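Enquirer: I'd like to go over a predicted model; first the sequence, then the structure.
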Amino acid sequence: MFMKKLVISLTIFFFAFVCAFALLLSIQYSPTYVFRLATMHVADINDHQFFPKRSIEKSNSPSKFQLKSQEQYIESLFDRRLKVSGFDSFDDWALKSQTTSLIVIRNDEILYEKYFNGFSRESFFHSQSMAKSFISFLIGVAIDDGVIESVDDSIVKYIPILAERDIRFNSITIRHLLEMRSGLKYTTHYIPFTNIHSPWHDEAVGYYHNHMRDRLLNDIEVENSPGELFEYNNYNTNFLGMIIENATGKTVSNYLEEKLWQQIMEYDAFFSLDSWESGFEYMPSRLIARAIDYARFGMLYLNKGELQGKQLISASWVKQSLAEISNSSPDMYPDWFNNNNCERTYYSFHWWGHVNCDGTKQFFATGNLGQNIYVIPDLQIVIVHTGNSLKYYGDQDMWHIAKLLRKDLNN
């Protein structure tokens, strides 16, 4: 009898604790945030089904590719990955790694294009943080259009209400946001003894919150002096999105449609919204498009802002976006950049870069769960990989494949 009462008491206590905890989070953030956190929990590539969206219309004359299949060769580039992961075949790796697409293009010729795990060319592919590079593109376009004067403008020039709350926002520039060196506070707590974000982790809060515009304007704080520390922080990209909105008078989706999608893209796309009431596109990671159109974006930057005879963004912006920060040191970056001797990784204007010992470089947009637009300029190659897991795939695979391609194609 005693044990039965104890179990009942503990059950009631646990239920009351969960309810109180949920109420606390609802007050601090919102009931919608709590519901999304509880039902969706860990982000994956199908999340877009659970958010409202704003459409981005395709071009009537998309850029074209020729087909020059080299399927066997491209799949052989993954032999080391198969060996390390213990797989007998490429198809087995693609299945178990939850790869959804792999595309390789060289000189406007498709060397490889295959889809896996139930996905096809017409499927929607979640960009995750590859979306950040598209926001960087729009900042460059807005500067080309003259609606943003310079990356060295203070963000309060375009979001003046921030300075009314904290004068330290005056010191944060667009450049600081692009380089992830704004000094904005970003909480990164995890549940003890796990790799799972806590309910207060800003990665989760930003992703699931249903009134992000209000949170950005009223809750986000300045923690460090801008320009001093690198911290990968999604609020930087959200503020860039607000700057685009205020400078252009358009939504990010509408501006992206006008300046990019209707110019060269083959398929419609969309941005997920935090809610219909707020109407705020979640800029850091919820652009949803087709894999082949991600490849077109990579080709655009490979070609210094020009594609299909259209200069969609200035070559100077592309060059600036991809260059290493002047006078920077690998020491400014965290250990997970894996810098090693003469090889190093760096971050620029919402683009990543790899520098090899021989001085060659490649740049890429990357997102959680295996999303990559990987560009190898000296070989005129763009590789797109999308997936739903990092267990058997990572950015280092692309770095290794770039080395193999240079060895094979330069001989």
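Expert: Yep, that arrived.
Enquirer: show me where pLDDT drops low in the stretch 51-200 of the chain?
Expert: 193-196 (pLDDT under 70).
Enquirer: domains of the chain?
Expert: 1-40, 47-409 (the TED database).
Enquirer: deepest of those domains, which one?
Expert: domain 47-409 (a mean of 18; mean count of other C-beta atoms under 10 Å). C-beta coordinates here come from the backbone N, C-alpha and C atoms, glycine included.
Enquirer: quick one: end-to-end length of that one, please.
Expert: 39 Å (C-alpha to C-alpha, to the nearest Å).
Enquirer: check which helix or strand residue 131 maps to.
Expert: Taking DSSP states H and E as the definition, residue 131 sits inside helix 131-145.
Enquirer: after that helix, which helix or strand is next?
Expert: Sequence order places helix 161-165 as the next helix or strand after helix 131-145, per DSSP H and E.
Enquirer: tell me what that following helix is packed against?
Expert: helix 212-218 (3 or more C-beta pairs under 8 Å, 6 or more residues apart in numbering; DSSP states H and E).
Enquirer: and the contacts of the helix it packs on?
Expert: Residues outside helix 212-218 that contact it (C-beta atoms under 8 Å, 6 or more residues apart in numbering) are 159, 161-162, 165, 205-206, 209, 235, 238-239, 242, 274, 278, 280, 282.
Enquirer: helices - which of those residues land there?
Expert: Secondary structure from DSSP state H places 161-162, 165, 205-206, 235, 238-239, 242 of the contacts of helix 212-218 in helices.
Enquirer: just curious, which of those is nearest to residue 106?
Expert: Nearest to residue 106, judged by C-beta to C-beta, of the ones in helices among the contacts of helix 212-218 is residue 238 at 35.4 Å.
Enquirer: list the contacts of the closest one.
Expert: Counting by C-beta under 8 Å, 6+ apart, residue 238 makes contact with 206, 212, 216, 282-284.
Enquirer: and of those residues, the nearest to residue 144?
Expert: Of the contacts of residue 238, the one sitting nearest to residue 144 (C-beta to C-beta) turns out to be residue 283, at 19.4 Å.
Enquirer: against residue 87, how distant is the closest one?
Expert: In this view, residue 283 and residue 87 are 36 Å apart by C-beta to C-beta, to the nearest Å.
Enquirer: cool, and residue 106?
Expert: 26 Å.
Enquirer: what's the answer for residue 75, then?
Expert: 12 Å.
Enquirer: please apply the same query to residue 187.
Expert: From residue 187 to residue 87 the distance is 38 Å (C-beta to C-beta).
Enquirer: next one, pLDDT for the residue lying closest to residue 366 once chain neighbours are set aside please.
Expert: Nearest residue to residue 366, sequence neighbours excluded (C-beta to C-beta, 6 or more residues apart in numbering): residue 372, at 5.4 Å. Reported pLDDT at residue 372 in the predicted model: 97.
Enquirer: next one: residue 358
Expert: Predicted confidence (pLDDT) for residue 358: 87.
Enquirer: and it, what helix or strand is that in?
Expert: Judged by DSSP H and E, residue 358 forms part of no helix or strand.
Enquirer: surely residue 186 is in a helix?
Expert: No: with DSSP: H, G, I helix; E, B strand; the rest coil as the criterion, residue 186 is assigned coil and is not in a helix.
Enquirer: for the closest residue to it other than its chain neighbours, list the residues it contacts.
Expert: Take residue 186 and drop its neighbours on the chain: the residue closest to it by C-beta to C-beta, 6+ apart is residue 233, 4.2 Å away. By C-beta under 8 Å, 6+ apart, the contact set of residue 233 is 180, 182, 184, 186, 202.
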